[in-house]
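Peer 1: Provided below for reference: sequence and predicted model.
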Amino acid sequence: MTTLVLSHESGLTHDTGEFHPEHAGRLKSILKALDQPALSGLKREDAPQATPEEIARAHPGAYFDTLMRAMPREGLRHLDGDTVVSPGSAEAMLRAAGAVVRAVNAVAAGEANNAFCAVRPPGHHAESDKPMGFCLVNNAAVGALHARAAHGHKRVAVIDIDVHHGNGTQEMFWNDADAFYASTHQYPFYPGTGSRRERGAHNNIVNVPLSAGDRGDVFRAGLTDEILPALAAFKPDFVVISAGFDAHRDDPLGQLRLTETDFAWATAAIMDAARKLCGGRLVSVLEGGYNLDALADSVTAHVETLRDH
């Protein structure tokens, strides 16, 4: 068994317009990095499309149909000030969510030790009934809830290391006693959520806000002292990582000072916890990261750790 990497060329056709930070070049840089000899031995698959039913576990009601109707036949359409869709966005969105569903299936069935989903658009800002922050469907939540519905892994957890707080995942999990969400993120910062006071209806949310300029030692302490003990107390059956790399010191959208070494360390620490708590069942899905060189280096460190640790 090995690490499964899922992606799809449709992720390159989700056009967000000139000068938008969440652009196809992000995925191109990642796919180039994943093709380097140092990452040989990975299992690679094209991502399938998620079904409306799989998406509806995280986005119930009319959300999916409304979102699909918003997709333009030509040109670009702004769903809010910074969330843009194009004719290629629908398939990219479906395959991003579908990648995580397939990854969960593979790990649950023992076909892979773990998996990384190199997809766009990202997902963790998408709330149950609202796209926002570059995000259309909450890929991590879709995957976690699929682990429960399709494989009986009742207690699911998402660990979010993006520089921005995953308000969407928090909103979806807030009232769910069998869902755990934990996040390290710059605060105060977009989207304005993520204070320590936000604990969830069942004490199932853990926010570790970091200050602009914080380095890896503060980030590591937050995981070691707060998030990982809370995860152990929750006793998950399946773990999903919202793997944003925009907390890197070179990223233009954040002011944290992490390096690739910090991301590799966090990956290993979460893997160790998953091994102890749930047989190592772990899937990672790309969120942010907007300096192309830093993103490629960070994904390389993350995936090498998934493969080798």
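Peer 2: Cool, the structure landed.

Peer 1: Was I right to think residue 118 contacts residue 31?
Peer 2: Yes - using C-beta atoms under 8 Å, residue 118 is in contact with residue 31, at 6.6 Å. Glycine gets a C-beta too; all of them are placed from N, C-alpha and C.

Peer 1: So for the two, which residue has more residues nearby?
Peer 2: Comparing residue 118 with residue 31 by other C-beta atoms under 10 Å, the one with more neighbours is residue 118, at 25 against 18.

Peer 1: okay, the residue lying closest to the more buried one once chain neighbours are set aside: pLDDT?
Peer 2: Distance criterion C-beta to C-beta, 6 or more residues apart in numbering; nearest residue to residue 118, sequence neighbours excluded, is residue 7 at 4.1 Å. pLDDT, residue 7: 98.

Peer 1: now residue 1
Peer 2: The model's pLDDT for residue 1 equals 72.

Peer 1: For residue 18, see how far away it is.
Peer 2: According to C-beta to C-beta, to the nearest Å, residue 1 and residue 18 sit 43 Å apart.

Peer 1: Kindly report the same for residue 167.
Peer 2: 27 Å.

Peer 1: Those two: who's more crowded?
Peer 2: Counting neighbours by other C-beta under 10 Å for residue 167 and for residue 18 shows that residue 167 has the greater number, 24 against 7.

Peer 1: neighbours around the residue nearest to residue 256 when sequence neighbours are not counted, how many?
Peer 2: Spatial nearest neighbour of residue 256, excluding adjacent residues (C-beta to C-beta, 6+ apart): residue 247 at 4.1 Å. Residue 247: 31 surrounding residues under other C-beta under 10 Å.

Peer 1: quick one: contacts for residue 247?
Peer 2: Contact analysis of residue 247 by C-beta atoms under 8 Å, 6 or more residues apart in numbering lists 161, 162, 163, 184, 185, 186, 210, 219, 254, 256, 258.

Peer 1: Local confidence estimate at it?
Peer 2: Reported pLDDT for residue 247: 98.

Peer 1: Mind listing the residues bridging to the residue nearest the centre of the chain?
Peer 2: Most central in the chain under C-alpha atoms, centre = their mean is residue 242, positioned 2.7 Å from the mean C-alpha point. For residue 242, the beta-bridge partners are residue 160, residue 285 (DSSP bridges).

Peer 1: my guess is it meets residue 157, correct?
Peer 2: No - here residue 242 lies out of contact with residue 157, judged by C-beta under 8 Å, at a distance of 10.8 Å.

Peer 1: roughly how far apart are residue 234 and residue 182?
Peer 2: The value you get for residue 234 to residue 182, if C-beta to C-beta is used, is 9 Å.

Peer 1: Who has more neighbours out of these two?
Peer 2: Shown here are residue 234 and residue 182; by other C-beta under 10 Å, residue 182 has more neighbours (27 against 21).

Peer 1: The helix or strand that one falls within pairs with which strands, parallel or anti?
Peer 2: Here residue 182 sits within strand 179-186, counting by DSSP states H and E. Here strand 179-186 is paired, per DSSP bridges, with strand 156-160 (parallel), strand 205-210 (parallel).

Peer 1: All the helices of the stretch 151-300 of the chain, residue numbers only.
Peer 2: 167-173, 216-222, 228-234, 260-278, 292-308 (DSSP state H, counting those that start in this stretch).

Peer 1: Tell me how far the fourth one lies from the chain's centre.
Peer 2: What separates the centre of helix 260-278 from the centre of its chain is 15 Å, taken as C-alpha atoms, centre = their mean, to the nearest Å.

Peer 1: now the angle between strand 179-186 and that helix, please.
Peer 2: The directions of helix 260-278 and strand 179-186 differ by 170 degrees, with axes from the mean of the first three to the mean of the last three C-alpha atoms, to 10 degrees as the criterion.

Peer 1: same check, this time on the last one
Peer 2: Taking the same axes, to 10 degrees, helix 292-308 and strand 179-186 form an angle of 140 degrees between their directions.

Peer 1: buried ones in helix 292-308?
Peer 2: Residues of helix 292-308 classed as buried by neighbour count (16 or more other C-beta atoms under 10 Å): 292, 294-307.

Peer 1: Over to the longest one?
Peer 2: By 16+ other C-beta under 10 Å, the buried positions in helix 260-278 come out as 260, 262-267, 269-271, 273-274, 277-278.

Peer 1: same for it, what does it pack against?
Peer 2: helix 216-222, helix 228-234, strand 238-243, strand 282-286, helix 292-308 (3 or more C-beta pairs under 8 Å, 6 or more residues apart in numbering; DSSP states H and E).

Peer 1: now the angle from it to strand 238-243?
Peer 2: Using the same axes, to 10 degrees: helix 260-278 against strand 238-243 is 170 degrees.
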